[in-house]
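Sequence and predicted structure are below.
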Amino acid sequence: MRIFVSYAAEDRPVAESVVHSLRARGHDVFFDRDSLPPGHSYEDQIAASIQAADLLVYLVSPHSVSPKSFTLTELGLAERKWASPARRVLPVMVESTDYGSIPAYLKAVTVLEPRGNVAAETAAAVSAMRRIPARLLKYGGVVAIALIMAGIGYRGYLASVGLQLKLTAPEPAPWERGYFGAPSRFRHGLTVLNNSTAGARLSQAQLVSKPEGALRITDRFGLFAKEAIPVLAPGSSAEGAIVVEPVSTTAGEVSWQLCVTEASGSETCSPAQAWRPKGDFSPATAFTLDPDLSQHAVAVARDNVGFLLLRRSPAAVLRLDETGQIIANRALIGDPTTLYADETGIYVGTRGPNAIIKLDPERLDLIAEVPVRFPSKKLGAFGNPVSSTPAVIARGGDRLWIVTRGGASGAGLLHMSTALTDPQVPDFFDDIAYNTKGMMLSTNGRDVWATETNATPASLRKLSPDKLATYSGHEFDIASCATGILVEAESLLIPDCNGTVQRVVEKGKDLQIQHRVDALLGYAKAPSIWTTVQMRPGPGDGGGFLVNTERTAGSPATESIVNRLNTKRGLKMPLDIKNIRIVDLAFQDKVFMVIIEGAGGQRETLALRYE
């Protein structure tokens, strides 16, 4: 979310703490001078930033509401943009202020008055505002009670906690199991007391045991079973149980609460109920593979039957159908590191020994095996010895390109025939040795392109045995954020720095944009976030896009998103997971397979169905 923080100069210390807390949660925060690009006037950039913002956080204090404060000018700009401040403006009281001096526009919504840490409570309020649109909480002229869960894809509004609703709920019990053996649905026993003067309705929940009192279950999004019972009357209470089923995945602490929206539009919430699950939630469309496969997966690729899965311990290449059942199995010697498959063969890289193995694409029979030995006289970046461990493989015509890296050694690049003969280090290796550290390869089977995942700006390189074509991000804007591309028959799909996928053609020594394809869902553009995009081909028209966002290059992923592209129907987002890294993925017609990794290094392999 793009957030503008408005504050008086006297309140800067508390404003800084709020900004740090918001940025730590992945928001793109405008914070006056540290967000201003050079060459722009202060006033013009303030106006432009408010115009681009999704939310204004207004720190209320005697200084910020004084008649000559510039914050009131900022508030005026916000009011011109949003006629109603609901879910667009969050006023936060940071110092006791006379309510009579607070602008009416701010008082049209509930002013958050933190009781503890201002930064933490403000960030929590902002997170809650993203969950359920306020218009979906209103139900006629009565009070609507909505179940809100933090971090699982719902959007909503958090106002100050009131006394109209009392909730008693024990620790939720696991209902079904999902990622890493953690529950994907939770059963909650609860008691609700309606202290309001109007009736109440419970929504966003599936009833497990009908309470003795009067409640009503409504079905807003089609996620839960429909069931209707009378409205909870004023002053009455009810006991029962609900099942919570997330629609996307999350990790870390989860909190939920009941909120009410009155006919007047004001909203209050019960105290949040929080717990930390042992893993992540699983969408209903996902099914996990056998643990012996799931937890030891290294790489995955699609083939003409289903999927090829590279497994470590015991080392093997496995052919799976779209239900995850093993069709064929080829044991390997060594520790598998990388996988590439097409109609010419299945190519596997291993370490211990460092080798490339070629298997028959139909029967998985061994065709050839060759050790990988990077010439000892050939040094990598900064004069370091070069690793001989295969890390990435791609075919370009009759040559197989291999990036090597691992351990403290430098990264290398070599190519050999598809028969695994005639290994060579390209003549241009010395010129790009530094760039091989984060190099990834993309191919259409004829042309091989190299991208960078650890450099800014990035560069694109077209590889061939006798020459190298380089398109530096310093000279070509379209290459500057190209951490991953999709190589089509006659064009390239490249994400630009705004997360828009462009179709590009190479003409002579130039890259020319043909047209915009679509905007990647979940692409983070904040300077504090390192966003990488990897692309995988899919059957027919289109492919798949993986977006990993990180705090800094090489840090644990804070969010990973899979986009499924159909060039005729656009993008869909079938998977969004927090604090989890996606290691690899492959697409078939109606199923894609993905290997995910938690912060502790534990892995799980999932197959997910999509339309």
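Everything's here; your move.

And Gly598, how far from Ser101?
From Gly598 across to Ser101, the span is 50 Å (CB to CB, to the nearest Å). C-beta: built from backbone N, CA, C; applies to glycine.

Could you check which of these two is surrounded by more residues?
Comparing Gly598 with Ser101 by neighbour count (other CB atoms under 10 Å), the higher total belongs to Gly598, at 19 against 11.

Quick check on the residue nearest to that one when sequence neighbours are not counted: phi, psi?
Of all residues not flanking Gly598 in the chain, Ile580 sits nearest, at 6.0 Å (CB to CB, 6 or more residues apart in numbering). With angles defined as degrees, to the nearest 10, Ile580 sits at phi -130, psi 140.

wait, doesn't Ile580 sit right on Ser560?
Yes. Using CB atoms under 8 Å, Ile580 is in contact with Ser560, at 5.7 Å.

For the stretch 251-400 of the chain, which segments count as helices?
Per DSSP state H, counting those that start in this stretch, the stretch 251-400 of the chain carries helices over the ranges 291-294.

Pass me the low-pLDDT residue ranges in it, would you?
For the stretch 251-400 of the chain, the stretches with pLDDT under 70 are 251-288.

hmm, try it at 50
For the stretch 251-400 of the chain, the stretches flagged by pLDDT under 50 are 251-284.

now stretch 77-96: mean pLDDT?
Mean per-residue pLDDT for stretch 77-96: 88.

again, but for stretch 122-137
pLDDT averaged over stretch 122-137 gives 57.

How about the nearest residue to Ile393 once chain neighbours are set aside: which residues does it bridge to?
Sequence neighbours aside, Tyr340 is the residue nearest to Ile393 in space, at 3.9 Å (criterion: CB to CB, 6+ apart). Note on Tyr340: beta-bridge partners by DSSP bridges are Tyr347.

picking up where we left off before, distance of the residue nearest to Gly598 from Gly484?
Ile580 is 18 Å from Gly484, by CB to CB.

could you point out which element follows the helix or strand hosting Lys572?
Using DSSP states H and E, Lys572 falls within strand 570-578. Going down the chain from strand 570-578, the next helix or strand is strand 581-587, by DSSP H and E.

For the following helix or strand past that following strand, which helices and strands make contact with it?
Where DSSP H and E defines the elements, the next helix or strand beyond strand 581-587 is strand 591-597. Counting contacts by 3 or more CB pairs under 8 Å, 6 or more residues apart in numbering; DSSP states H and E, strand 591-597 is packed against strand 297-302, strand 557-566, strand 570-578, strand 581-587, strand 603-609.

what sits opposite Trp449 in the beta ladder?
Taking DSSP bridges as the rule, Trp449 bridges to Ser442, Lys462.

That one contacts Leu493, doesn't it?
No. The pair Trp449 and Leu493 does not pass the contact test of CB under 8 Å, sitting 11.1 Å apart.

Find residues that contact each of these two.
The contact sets of Trp449 and Leu493 overlap at Ile485 (CB atoms under 8 Å, 6 or more residues apart in numbering).

show me what contacts Thr595?
Just so we're on the same page, residue 595 is Ile rather than Thr. Applying CB under 8 Å, 6+ apart, we find Ile595 in contact with Ala297, Val298, Ala299, Val300, Ile582, Val583, Asp584, Leu585, Arg603, Glu604, Thr605.

want to throw those residues into TSV with distance to Leu575?
Converted to TSV, these look like this (distance: CB to CB, whole Å):
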residue	distance to Leu575
Ala297	16
Val298	20
Ala299	18
Val300	14
Ile582	8
Val583	13
Asp584	13
Leu585	9
Arg603	16
Glu604	13
Thr605	13
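
Among the residues you listed, which pair sits farthest apart?
Farthest pair in the contacts of Ile595 (CB to CB) is Ala299 and Glu604. Separation: 14.6 Å.

Now do the shared contacts for Ile580 and Ser560.
Here Ile580 and Ser560 have Ile596 as joint contacts, going by CB under 8 Å, 6+ apart.

returning to that earlier point: and the residue nearest to Ile393, how far from Ser417?
Remark: distance between Tyr340 and Ser417 (CB to CB) = 15 Å.

neighbour-wise, which of these two wins?
The neighbour comparison of Tyr340 against Ser417 (other CB under 10 Å) goes to Tyr340, with 24 against 14.

I'd like the distance from that one to Ala607, if you could.
Counting by CB to CB, the separation of Tyr340 from Ala607 is 21 Å.

again with Glu475
Glu475 is 42 Å from Ala607, by CB to CB.

Just want to know which of the two has more residues nearby.
For Glu475 and Ala607, the more surrounded residue by other CB under 10 Å is Ala607, and the numbers stand at 23 against 12.

Specify the beta-bridge partners of that one.
Phe287, Met593.

Report pLDDT for it.
Looking at Ala607, the pLDDT reads 80.
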